[in-house]
Each structure stands twice: as structure tokens, then as C-alpha cells.
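got a sequence here, can you model it:
(2 chains)
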Amino acid sequence: MSDGYTPEMLELIKRVEASRPQRLAQARAGNDFPAMSLEQRKEVLNQFHPDYTTEGRRVLGIGPNKEEVLPEELVDLLESRSIIESVNPDLSKPDMETDVLVIGGGGAGTAAALTAMQEGCKVIMATKLRQGDSNTVMAEGGIQAADQEPDSPYYHYLDVIGGGHFTNTHELVAAMANDAPMIMEWLESLGVMFDKHPDGRMKVRHGGGTCRKRMHSAGDMTGAEIMRVLRDETRNHNEQIKLLAFSPAIELLLDNEGKCAGVILHNMETRTYLVVKAKTVIIATGGTGRLHYRGFACTNHYGATGDGLVMAYRAGAKLCFMDSVQYHPTGTSYPEQNVGLLVTEKVRGLGAQLTNIEGNQFVFPLEPRDVESAAIIRECLGLEKGITTPTGRPGVWLDSPMIDLLHGEGTVKRELPAKHIQFKRFGIDIAKYPMLVYPTLHYQNGGIQIDEQSGTDIPNLFAAGETTGGVHGRNRLMGNSLLDILVFGRRAGKAAAKAVKAGIKQGTLSLDHLTQYGQTLSETGLDRGVKSPMILPNYAIDEVNRRRWDVKSPII
Amino acid sequence: MPNENKQINHVAMVGDRTIPPKDARFIEIYIMGQRYKVPETLTILKAMEYVGYQFKRSCGCRGGICGACGTFYRILGDHSIYTGLACQTVVEPGMILAQSPFFPPNRADHIGILDSKMPPDEHIATLYPEIFRCVGCGTCTRTCPMGIDVMNYIALFKRGDVLGGAKESFDCIMCGLCVVRCPANITQMKVGLAGRRIAAAQLIPRSEVTKKRAEQVRAGRYETMLAELGQMDREKLKEIYTSREREPNLSGPGEWMPKDQSHL
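Numbering: from 1, shown residues only, chains lettered A, B, ... in the order given. Predicted coordinates for the structure are as follows:
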């Protein structure tokens, strides 16, 4: 089946087919395309990895990370005024009060809410979409934990910090590696159906950059399984954990001593605000894929617009590693319906090679993610040997038919069932025809700076999950994000509960920090009329946007 | 470095926004009864965004796993009701579509579900007695966008095979399309979830190695080792990192042990 490709593309695919027998023979003989030396890696990263180039970046002019050079799309949001400023909300009579307010209903937020509840706190969980609408549900591959005999948190630590180019924050890595076995035990006790041997031992595999097998999985939907169980557990405690869905937080409230004291929520259905006074606040708003840095497609869920970063930053929290983003080398470039969707590393692990428009291989298929991505970008933008889709997107061929040829007929269908269906739906049989791929925004390595108890610079404000930075340094290994969100979600819930129990005295609620932030923007000439947080992305075409009244404020 | 191409590609890179090809054919579809022209080959989700919808509900992962975008549709001239996920279903000419932004599913109170002394099969029957009203019409199975034999897993739970029902329902993304269509008002997705949690907690053996390791961690076994790594200078750390032994890909569970066992 190939009618998903245009005749022009089929013509180009002939070149991939022409070079395939020779590439196959080499692969069978164990003659891989040579891997890059450390110098070559450095060169391609410096020239073509979006993190290393200056293009699409600018100096941030305000706040605790002032002077840092960051992606423009992020700087736009940070150098902007609050959408709530013009509303001037009445803070004198809060609509709700709680011990712990959790912003975000993904894996980190839900773990935090459950833990704070177990510690005896009243919890409100406010989420932008439904509880569980998050990158957590999209995590397919697995979760790392050093629970097998030849392994230990010591080796897990080494793998994490080596994978992050030794830039990671020590305390966070140690906390994550050490908590991991307890997280697995917790999930198991809640009824998460992990892949197991008959005696109950969990099945484990290697991931990129691991020295011991510690990747635990639940089919190819590990994150979705964990999320639906955690969500179900919170529903068991509706009285102690009050869920406010479709109610994103838009700003933090501070008291007159600068301590975090609550949030302003926005009911998206009624378009009204809600003032919530909280003794402690936990930000678990996830990543920023939907900012589409430099126009890259992304693998993230719809709500990944970095709202938590913006509100924390305006309140004075420091961010870290915000210049570091993980691009997954193989996002789908064609067909248009699948653009940005992840094509798992497993495809290359099974032997599929990358080729350019001439059908020639140009890179070792299993370089580290950042190097592989840079090599693909070089092939397309630097050497002009990429393929351009009918809609103008760049891409290179991922020669998936090699998999069946190497491992026998039916391997693609058996090992990659979801991908096979996803392409078949659009008339492309990936067992017979190559896929067109290009790097896609995958994960925000940086975020709000936290300590090992998930505390931020602001008293009574905690943060957990992809919205935080430090634990993965400049590069995250597969299987450590599901772990990260649960470890630090639990730690945030515990730390918040501890603070509540110790007794919290709050002063008058205030949004003065927004006024000051706005003033600084005006005085420094940075105010360009943008308002944030973004809340939802806007994918209308230009023609529709031209006819709109309120393009600049997407929701309010 | 020639970068003319770079500019063109950069302009074309607009994230998830749809770029219709120059020669794209347009088809007519009906969104909530209203007629629109959209480029063919788009998914329902992208077609709706193309004409200007900005989703609040009915949009989540955009990759077929979160279950937010369940959609019902008819095709002009065809009496049947079809279902699909908006992010995974391509628009067809004459498609009349409506989304299911919310549905009130029945969820039994599950508290204490995992510690209950009640046998698992009785437990499911007590929580969701309505499964015995299944009329066997098979609409749920035909409705499922994941291709799950929903009626079969309900039948397994009815028969008392909780582990079987748990496994059969595993791929459920909880979109709820089956629930909306069920004439017996069964909430299949919640039955499956309760069954899976009970099966995992009570019917499948717990992992002993995991429990043991968790106890070692709680006893503080690794704290000094980890603290030492924190004190180490970067060069020494790199040296340890590069010299670590790698477990062979094909070793069986618990078979291989490293030569250096001082940090286990």
C-alpha cells in the first residue's frame, strides 16, 4: 500500500529502494555507518542543533533569569503582561480556601495531590483540561527504577548524570534514583498492571544510555496506564481532593511578605475568574512543546504551553536550563495528519536506517538524540539533501522496510503495531515503504529551579515534573520522565503537607508583583502588547486569524 | 553554507498549523450541522481547527491515546452512525460530525477496592451489577476506536474471569464512546479499570525484588554512596561513568551479575 505518497515522492522512494540491497548487505555483515567522533559530534551540534545556534533566540530582559539567551517564543511569553491585569480581580473575599492547591492534573500533579491528601491535607486540584490531559499519558516506552539484583540507585544515578552531560543537579538526581524502587512499589500497590514474569518480577529492558536493564513497562502505553490508575485513585477521595477541571491557573497570589498564598483560576466555560486562597501551592503544569520553538512540530499534548513557568517567573521564581530542549530525531514529517507524532527510537533499534534524497545513508542511526537530530537538520537545511513534502516541510527517509528484511516478514507489524496502523490509515504501509521524518520538539529539559524537596525560591511554592529543571541536566534519558514526575510529585505533596502542619501565617493577598512586573516592562521598553499565559495554542490558518476580533488574547 | 532552502523551510515550519498543498482538493463537511469546505486528507481535529475552531474540550494528546476527542458522525445518504477519534479519523465528503465533549459516566465508589476481602469476581459484580443486563448487541465492540472486543471483556467479568477481563480491556483509552452507545447503560471503561486494578493488586503476584530493594532504600543503604558521588569532581565521575559494566542485552531475569558488586 503506497497511495498515501504522491507520484513525485514515490519516484524519490525508488532511490531509497535502489540503495537498499547494498545497505542491507552491509548491515548483515555488521558494517554500520561509522559513528561520529566526539569532535564530529561537537561540530554538528554547534552548527545545527537548535540549542547551540543563536538563531531563534534572544536575550531575556526581565526577571531572575535576565540576560540569559533563550528561545524567542519563550522570551515573548516571559516579557509580557498578565492577562488578568485588565480585570483587576477582587482579592478581599476568596471564593475558596484550601491547605494545598495543585496546578495541573497530569502525573506530577496527581501524585502530589494524592500524597498531600494522605498526609491529611485538604487539596484542590485545578487543571486546564481534564485530569490526565498531559504528556504523562503519551509516554509509551517505560519508567526506570533500579530494582533488579545487578542494579542499584548508584548505577541509575551514573546513567542519569552521564546522559545529561554531567550538568544535572546532584541532589535531584540522587533523590530520583533513590526513590525509584519505592515509586514502583507504590504504583504496584495501587493496581498498575506492569509487564511481569509469572512470579511477579517485573520485565525490564535497556534504554538509551543505561548500563543495567531497568526500563519497566505496561505494554506500549506505560504512561497512560499509570495515569488512569492515579486518576481513578483521586476519584476515590473526592472530598479531600476537589477537582476543578477546565479551570487553568493564570496567576499566583502572594501575600504582603512575598510568600505564595493562592492562585487566580480561570473558568474557561463561563470565562470568569476565581480567587483561591491556599496555604501552599504546587505547580505541575508540564512542558512547553506547544510553543513550537522555531516552528518545530511537537509530540506534546494540547495544553503544553508553559503557563506555570510564566506565573512562577512573574512571582520571582528562578528558572534553570531553559535554553535546553530535547528534540526527538524522528518525528513524522508526512503525511500532514501525523506531523510531529513520535516515531519511537525502537524503529532505528530494529535496524531502519536514515537516508537522504539520493537514497544515501548519512548518519549512524543510534547516535545520542541531540546528535542524531542535528545530523538530520544538517542534511536538510545545510546540505539541501532533504526531501520537501507537498506542504513544504523538510524530512529525510527512515527506511523501515529494512526491519522485515533483517528480522523476517511481519516484524514491523508485531513490534510496532501502533505505528503500523497510524500510517496504514493514511495509505502508507511502513513495512514496505519508508517513512519521512524530521526532528520534533519532545521535552523541556529545563524549568523552575527546585531543591530536592521540590521547593522553589518562593516560600510555600513547590513545583514538580516537566515544569521543573535540573534533574535531567541538558539531556534526558528515556524512561526518566515518568519517574521524575512521580518522585517529585510525591515529594512536593509531602513537603507542602509538612509546611501546612508546621503552621502557616498569611498576610493580605496581593497581585502587586504583576503591577511591578508590568511597570518594569514598560520602563525598559520590552512591552510589545503580548499577554500571557497562553493557555491554549491557536492553530487557525492566517485567513481565519485575519477575520478575528480577538487574536491577541486567545481566551479571555 | 547555502541557506536559501533554509529560509523556505523555516517559513514552512509552523508547528501544528495545517498547510494545505497548492493543488489541494477541497471537500464539504458538516461540523455540528454547519457546512464548511476543508482540504481533503485532514483529520477531523485539524479540519475543525482549519475552519477556525479553537478547542477547549474534545482535544487532548492529538495522538490517539488520551480519549478526549470521541466523535460521532454520519455520511450524507447513509443511515448508520459511525464513531472515531477526531485526531485519528480523516474527513470524508459529506461527513456530518459532532463531538462528545462530556458524558456523565457511572463510577461506583471504589474506596478500599484493593484491600477488600471479597473475591475479585464478586467484587466487580457488586460494584457494577449492570454488567448482567448486557444484551449482547455488540455495539460497544463496533464502536471502539481501539479495536477492543468490549463485549467480550464484559462477558469475561460476568463469568468471573477478572484477570481475563483485565487483559482484554488493557488497550482502553477511556474515550467513553462505547458507554454513550450502550443500550444497557453499562459503563464499560470503568468496569475495565476497576477490574484491572483489582487484578494487578490481588491476582497478579507482587514483585519481590522490587519490595526488597525498596526496603533497602528505606533503610538508607544507598545514601552514603550517592552522597559520595555528589562530592566527586567531574573528571573522576566521568571515569566511573565510562568504566561501568553493561548488562548484556540478552541476559535473563536475575541471571547476570557485574564483577564489581560493591555498590549494589
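
would you mind giving the secondary structure of the residue of the stretch 51-200 of chain B found nearest chain A?
Across the stretch 51-200 of chain B, the shortest distance to chain A (Cβ to the nearest Cβ) belongs to residue B:197, at 3.1 Å. For every residue, glycine as well, the C-beta is placed using N, CA and C. Three-state call for residue B:197 (DSSP: H, G, I helix; E, B strand; the rest coil): helix.

what of residue B:23?
Applying three-state DSSP: residue B:23 is coil.

now swap in the one 4 residues further on and tell me
When the structure is reduced to helix, strand and coil (three-state DSSP), residue B:27 reads as strand.

for the closest residue to residue A:334 other than its chain neighbours, list the residues it contacts.
Excluding its sequence neighbours, the residue lying closest to residue A:334 (Cβ to Cβ, 6 or more residues apart in numbering or on different chains) is residue A:436, at 4.1 Å. Going by Cβ atoms under 8 Å, 6 or more residues apart in numbering or on different chains, residue A:436 touches A:9, A:332-334, A:387, A:389, A:395-398.

sketch out the low-pLDDT regions of the stretch 101-250 of chain B for me.
By pLDDT under 70, the stretch 101-250 of chain B has no low-scoring segment.

just the helices in it please.
B:120-127, B:139-143, B:150-159, B:162-168, B:177-181, B:188-198, B:208-218, B:223-231, B:234-242 (DSSP state H, counting those that start in this stretch).

of all these, which one comes closest to residue A:33?
helix B:234-242 (23.1 Å; Cβ to Cβ).

and the closest one with helix B:223-231, angle?
Between helix B:234-242 and helix B:223-231, the angle comes out at 130 degrees (axes from the mean of the first three to the mean of the last three Cα atoms, to 10 degrees).

buried set for helix B:234-242?
B:237, B:241 (16 or more other Cβ atoms under 10 Å in any protein chain shown).

got the domain ranges for chain B?
B:19-99, B:120-203 (automatic domain parsing).

closest one to residue A:541 among these?
Nearest of the domains of chain B (Cβ to Cβ): domain B:19-99, 6.0 Å.

still on that earlier bit, looking at the contacts of residue A:436, which are in helices?
Residues of the contacts of residue A:436 located in helices (DSSP state H): residue A:9.

next to chain B, which bits of the stretch 251-400 of chain A? Give me the list.
A:268-269, A:290, A:292, A:294-299, A:301-303, A:335-337, A:339-342, A:380-382, A:384, A:386, A:388, A:390-394 (Cβ under 8 Å from any Cβ of the partner chain).

repeat that for 7 Å
Residues of the stretch 251-400 of chain A lying near chain B by Cβ under 7 Å from any Cβ of the partner chain: A:268, A:292, A:294-298, A:301-302, A:335-337, A:339-341, A:380-382, A:384, A:390-394.

is it fair to say residue A:117 lies in a strand?
No. Counting by three-state DSSP, residue A:117 is located in no strand; its state is helix.

so how far is residue A:94 from the residue lying closest to it once chain neighbours are set aside?
If the residues on either side of it in the chain are set aside, residue A:117 comes closest to residue A:240, at 4.6 Å by Cβ to Cβ, 6+ apart. As defined by Cβ to Cβ, to the nearest Å, residue A:240 lies at a distance of 19 Å from residue A:94.
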